[in-house]
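Asks: coordinates only, sequence not included:
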């Protein structure tokens, strides 16, 4: 298998090449060079400044000619949301931010090898198109919030609808595998929550209108995290009290961001603000009790907790699904018992 590196500076190519040789055959090209695309490569690694207009123009042409590359790994200059958004828009299947480690780079390549050796009928990641579309929509929303620009609600809803269609067609397990292989951090979490919530709704036999309400709520639920520094969101280990307090502002911040936007219903706003509320009143930000918590919020809360437990983070491997379900089942008095019981086949079997 050939790994092809395209970089806007020769130093980047050399550094990346040293990480993956001699495990893989490697070719390199400079961004903008006539031979910048090796059409025989199975994996393309693209390292470029995505805030450079000339780089973007060159990459649009290059990425359109990488049809044989099952894996397009973008290495961005910084761990910034707008860089991730641009990478996904250019066709990235995975985004790594500097500083990149040999372990993370080799792991991304190894996933490509296993996927290329799998038979088509059992190939993981059939949901990749919907996941990439969802990541682009999320990145666009987060970037809009940061820059004070309007959120494109139609794009977000279309992406959420694509996720729902993918879950219906390919199932939850395929979705979880695809998202965890290709996406990181807050975007991974939001994509997982949306998929889990949709599958939970389908398993409950909810009508289409309720499924649409649920996937919209899941897509928007963490938009308030756009205003929380990535150093806090992605911090390995326990948060200190100040950082925890900052994290706990995100439901109210998300509500404030969305409340005056046309097309965001009261049910969605309620879910965004209250997805961390518990039936016993111990949640935040409003300390609601059972009678004040809607059915959509109850479903979303279970989906959110489960997704957080099974996330694949740089510093934490995903918890097995059966263990994650036991954690949810142990939260007596906080979550609705019948819903927790109904969630079991979603958590374990679907």
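Replies: Nice, thanks for sending it over. None of the values given here were measured: they were computed from a predicted structure.
Asks: I figured residue 48 hits residue 31, correct?
Replies: Yes - counting by C-beta atoms under 8 Å, a contact exists between residue 48 and residue 31, whose distance comes to 5.5 Å. Using the backbone N, CA and C atoms, a C-beta is placed for each residue, glycine as well.
Asks: neighbour count winner among those two?
Replies: For residue 48 versus residue 31, neighbours defined as other C-beta atoms under 10 Å are more numerous around residue 48 (25 against 21).
Asks: Now the phi/psi pair for the residue nearest to that one when sequence neighbours are not counted, please.
Replies: Spatial nearest neighbour of residue 48, excluding adjacent residues (C-beta to C-beta, 6 or more residues apart in numbering): residue 8 at 4.2 Å. Reported as degrees, to the nearest 10, the phi and psi values for residue 8 are phi -90, psi -10.
Asks: per-residue confidence at residue 8?
Replies: According to the model's per-residue confidence, residue 8 sits at a pLDDT of 87.
Asks: How much space separates it from residue 231?
Replies: Going from residue 8 to residue 231 by C-beta to C-beta, to the nearest Å gives 26 Å.
Asks: Settle it for me: which of these two has more neighbours?
Replies: The neighbour comparison of residue 8 against residue 231 (other C-beta under 10 Å) goes to residue 8, with 21 against 9.
Asks: show me what contacts that one?
Replies: The contact partners of residue 8, taken as C-beta atoms under 8 Å, 6 or more residues apart in numbering, are 30, 31, 32, 47, 48, 49, 52, 55.
Asks: quick one: residue 98 and residue 75 touch, right?
Replies: Yes - checked against C-beta under 8 Å, the pair residue 98 and residue 75 is within contact range at 6.5 Å.
Asks: These two: which has the busier surroundings?
Replies: residue 75 (25 against 12).
Asks: Toward the C-terminus, what is the element adjacent to the lowest-mean-pLDDT helix or strand in the chain?
Replies: The element with the least model confidence among the helices and strands of the chain, by mean pLDDT, DSSP states H and E, is helix 102-117, at a mean of 64. Next along the chain after helix 102-117, taking DSSP states H and E as the criterion, comes helix 128-147.
Asks: tell me which residues of that next one are tucked away?
Replies: For helix 128-147, a neighbour-count test (16 or more other C-beta atoms under 10 Å) marks 128, 130-145 as buried.
Asks: how far away is residue 97 from residue 234?
Replies: Counting by C-beta to C-beta, the separation of residue 97 from residue 234 is 10 Å.
Asks: One more: residue 107?
Replies: 17 Å.
Asks: Please apply the same query to residue 255.
Replies: From residue 255 over to residue 234 (counting by C-beta to C-beta), the distance is 23 Å.
Asks: So the two - more neighbours on which side?
Replies: Comparing residue 255 with residue 234 by neighbour count (other C-beta under 10 Å), the higher total belongs to residue 255, at 21 against 15.
Asks: Nearest residue to that one in space, please, no chain neighbours.
Replies: Once its chain neighbours are removed from consideration, residue 255 has its nearest residue in residue 273; the separation is 4.0 Å (C-beta to C-beta, 6+ apart).
Asks: ok so that neighbour is a helix residue?
Replies: Yes - with the criterion set as DSSP: H, G, I helix; E, B strand; the rest coil, the secondary structure at residue 273 is a helix.
Asks: That one reaches residue 252, doesn't it?
Replies: Yes - proximity of residue 273 to residue 252 meets the contact threshold set by C-beta under 8 Å, at 6.3 Å.
Asks: residue closest to the middle of the protein?
Replies: residue 188 (2.2 Å; C-alpha atoms, centre = their mean).
Asks: would you say that residue is within a strand?
Replies: No - with three-state DSSP as the criterion, residue 188 is helix rather than part of a strand.
Asks: got the contact list for it?
Replies: By C-beta under 8 Å, 6+ apart, the contact set of residue 188 is 179, 180, 311, 312.
Asks: for those residues, which one is nearest residue 163?
Replies: In terms of C-beta to C-beta, no member of these lies closer to residue 163 than residue 179, at 9.5 Å.
Asks: Let me know the helix or strand that the closest one is in.
Replies: helix 172-182.
Asks: Now that helix: buried residues?
Replies: Under 16+ other C-beta under 10 Å, the buried positions of helix 172-182 are 172, 174, 175, 176, 177, 178, 179, 180, 181, 182.
Asks: Stretch 90-100 now?
Replies: Neighbour-count burial for stretch 90-100, counted by 16+ other C-beta under 10 Å, picks out 90, 91, 92, 93, 94, 95, 96, 97, 100.
Asks: Next: stretch 341-350.
Replies: Applying a neighbour-count criterion of 16+ other C-beta under 10 Å, one finds 343, 346, 347, 350 buried in stretch 341-350.
Asks: what's the answer for stretch 55-65, then?
Replies: Going by neighbour count (16+ other C-beta under 10 Å), the buried part of stretch 55-65 is 55, 58, 59, 62, 63.
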